[in-house]
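Q: sharing a model that was predicted from the sequence below.
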Amino acid sequence: MDGFEARSPLLPEVFALHGRWRRERDAVVCGGQRERWGEFTDRLSRFANALHGRGIGRHDRVAVLMGNGLPMVHALFGTMNAGAVSVPLNLSVSDDAMAGMIRDAGARAVVATPDQCGRIDAMRDQLGDGVRLFLVAGPDAPGWTGWETFLAGHRSDPPSVRIDDDDLLNIIYSSGTTGVPKGIAHTHRGRRDWAYDLSIALRYHGGARTLATLGLYSNISWVAMLCTFLAGGTLHVHRRFDADEFLETVASERITHTAMVPIQYQRVVESLRQGGRDVGSMQAMMSCGSPLHSELRQEIFRRLPCGVIELYGLTEGVITTLDPEDAPGHWASAGKPLLGTDIRLVGDDGREVPAGEPGEIVSQGRITMPGYYNRPEATAEATWTDGQGRRWLRTGDIGRLDEEGFLYIVDRKKDMILSGGQNIYPADIEAVAQQHPDVAEVAVIGVPSERWGETPLAVVVARADVVPDAAALVGWINGRVGKQQRVSGVAFRDSLPRNPNGKILKRELRVEYASSGAGQRSKT
């Protein structure tokens, strides 16, 4: 029979409705600047129309190399409104990795803050000839179109573009690699559903005032941004993290929500120990990126009345959360799957393991990525198929479930290092270290760090008859990798432990060096 059309609007439509019905409420606050929802959505439309005026539209990729601020928010969400695909990039990766990701994405435009222009200029010959716009959030500069020049003459009417559910919204690269980069693709439908489900789990609402302190390229920041904007709340953006500034903003702006990594919570707790801080407005805080150790988690509960929601997840699309109400008695747990998501634990034989036994975590749900961008072989490698022919995402992480169904992370199968909330892949650093003439073999592992949670340590077997200088080797490696990938030390060994198949047993190395300190440089 004839009836009304029922459909789920995508995020650009939701935000446009906020611009109409919540027009006078604050949408974004940064560095003393405030934009109400009406102003915010008008500026997103103007940015989108300006992209269209430059011939950049639906499906085109836009690389974003920017420090936190209002221009970056406009670039990310204006690109979304244009039907184009934002590619926010981690500024700390090496220049070669940065150029590789821009090239891999096939970017048609590069948007940068002024501090990144010189870096991009130095790598232009590595980007290919596909980039047709270099846009700077500042005045015109040689080879760069300035912000006001770009926006001049473009209207704030909603852009004329059709966006389908399965169109890509963004691509987030999992690491700054020295080889072929791997982009995690997200569709408009996937990001919308992801935001809806996380908003429920993280208790967002229209009155939310969220403080974002990590780089806005991070998927953790995307949690804060999308959940806040979906609910029609207010996003407060800090250009960088400082614990005292964080607490001052919480008190002055009556902040209700945040999403941070454990090292940031550690700094906040240290500041709270000094007393005199009003944190009573906080309603929900999320911690993710690396494990939140039980002692720190319990101190957060003692000092902040809302407690903390522990989140385990991958940008690829698996999320579990531990609600504050469930934390007592499960302090070391990563919780249970997000609404609409299911997980299984799979053994080396490809079969599910029973409760209490460790297995690789696999996940299925509407938030799962459609695949890695232009990497079908990587997508296939990350797929587990069950007995009914259903495809699940392999996380590469090892976990176990207790009798109540709470998940505990046992180990990281892929040997990824989580340092300051950033994913660091040892193979990237190993590929660089192996090029040193004194290095015969190398294994990079994560060791405990009070400051970063984990930090990379290079375990090296030197070439015969060579006595390398540890400090010089550290400097050589760190001069060739990204800032976040820098090793904190080198440990020399006569050989590396291996299994019968020749695979290096990194777990044994992690155990051995966990107590010796990240700066170990002695002969062992």
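A: Perfect, thanks for sending it.
Q: please count neighbours and contacts with C-alpha atoms only from this point.
A: Fine.
Q: any idea how this protein splits into domains?
A: Domain assignment for the chain, taken from automatic domain parsing, gives 11-201, 242-412, 419-514.
Q: and the longest helix along the chain, what does it pack onto?
A: If you go by DSSP state H, the chain has its longest helix at helix 37-53. With contacts defined as 3 or more Cα pairs under 8 Å, 6 or more residues apart in numbering; DSSP states H and E, the packing partners of helix 37-53 are helix 11-21, strand 26-30, helix 70-81, helix 147-151.
Q: that one vs helix 11-21, what angle?
A: Compare the direction of helix 37-53 with that of helix 11-21 by axes from the mean of the first three to the mean of the last three Cα atoms, to 10 degrees and you get 140 degrees.
Q: ok, residues contacting helix 37-53?
A: With Cα atoms under 8 Å, 6 or more residues apart in numbering as the test, helix 37-53 has contacts from 15-16, 18-20, 22-28, 57, 74-75, 77-82, 150-151, 154-159.
Q: swap in 7 Å and give it another go.
A: Residues outside helix 37-53 that contact it (Cα atoms under 7 Å, 6 or more residues apart in numbering) are 15-16, 18-20, 22-27, 57, 74, 77-79, 81-82, 150-151, 154-159.
Q: also stretch 360-367?
A: With Cα under 7 Å, 6+ apart as the test, stretch 360-367 has contacts from 190, 193-194, 317-318, 340-347, 392-399.
Q: quick one: the helices in the stretch 101-250 of the chain?
A: 114-122, 147-151, 188-201, 219-231, 243-253 (DSSP state H, counting those that start in this stretch).
Q: which among the ones you listed is found nearest to Gly420?
A: helix 219-231 (12.2 Å; Cα to Cα).
Q: so what's the gap between that closest one and the chain middle?
A: 12 Å (Cα atoms, centre = their mean, to the nearest Å).
Q: over to stretch 90-102?
A: 15 Å.
Q: in it, what counts as buried?
A: Judged by neighbour count (16 or more other Cα atoms under 10 Å), stretch 90-102 contains these buried residues: 90-91, 93-102.
Q: helices - which of those residues land there?
A: 95-102.
Q: among the domains of the chain, where is the model least confident on average?
A: Confidence, taken as mean pLDDT, is least for domain 419-514 of the domains of the chain (a mean of 86).
Q: how long is it end to end?
A: End-to-end span of domain 419-514 (Cα to Cα, to the nearest Å): 15 Å.
Q: please apply the same query to stretch 406-423.
A: Stretch 406-423: ends 24 Å apart by Cα to Cα.
Q: save the helices of the stretch 101-250 of the chain as CSV, and put in distance to Phe47 too.
A: Shown next, in CSV, are the helices of the stretch 101-250 of the chain (distance: least, Cα to Cα, whole Å):
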stretch, distance to Phe47
helix 114-122, 18
helix 147-151, 6
helix 188-201, 19
helix 219-231, 18
helix 243-253, 28
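Q: follow-up on the earlier one: deepest of the domains of the chain, which one?
A: Highest mean neighbour count among the domains of the chain (mean count of other Cα atoms under 10 Å): domain 11-201, with a mean of 20.
Q: circling back to that earlier point, so which of the ones in helices among the buried residues of stretch 90-102 is the closest to Leu509?
A: Ala97 (27.5 Å).
Q: tabulate the ones in helices among the buried residues of stretch 90-102 (a markdown table), appending distance to Leu407.
A: Listed next are these as a markdown table, based on distance: Cα to Cα, whole Å:
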| residue | distance to Leu407 |
| --- | --- |
| Asp95 | 38 |
| Asp96 | 38 |
| Ala97 | 34 |
| Met98 | 35 |
| Ala99 | 38 |
| Gly100 | 36 |
| Met101 | 34 |
| Ile102 | 37 |
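Q: nearest residue to Leu151 in space, please, no chain neighbours.
A: Leaving aside its sequence neighbours, Leu151 sits nearest to Ala50 (Cα to Cα, 6 or more residues apart in numbering; 5.7 Å).
Q: just the element for Arg394, please.
A: According to DSSP states H and E, Arg394 maps onto strand 391-401.
Q: from Asp323, how far off is Asp26?
A: 29 Å.
Q: mind listing what's buried in stretch 199-219?
A: Neighbour-count burial for stretch 199-219 [16+ other Cα under 10 Å]: 199, 201-205, 208-219.
Q: so which residues of the stretch 351-500 of the chain form strands?
A: Under the criterion DSSP state E, counting those that start in this stretch, the stretch 351-500 of the chain contains strands at 359-365, 383-385, 391-401, 407-412, 417-419, 422-424, 439-449, 453-462, 489-493.
Q: got CSV for those, with distance to Ala6 too?
A: CSV is the format used below for those (distance: least, Cα to Cα, whole Å):
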stretch, distance to Ala6
strand 359-365, 23
strand 383-385, 33
strand 391-401, 29
strand 407-412, 37
strand 417-419, 43
strand 422-424, 40
strand 439-449, 50
strand 453-462, 47
strand 489-493, 59
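Q: out of those, which is closest to Asp166?
A: Short answer: strand 359-365, nearest of the strands of the stretch 351-500 of the chain by Cα to Cα, at 15.5 Å.
Q: Arg103: what's its closest spatial neighbour, skipping adjacent residues?
A: Leu127 (5.3 Å).
Q: who touches the one you found in this structure?
A: 99, 102-103.
Q: now it: how far from Asn170?
A: 19 Å.
Q: again, but for Gly313
A: 18 Å.
Q: one more: Thr79?
A: 9 Å.
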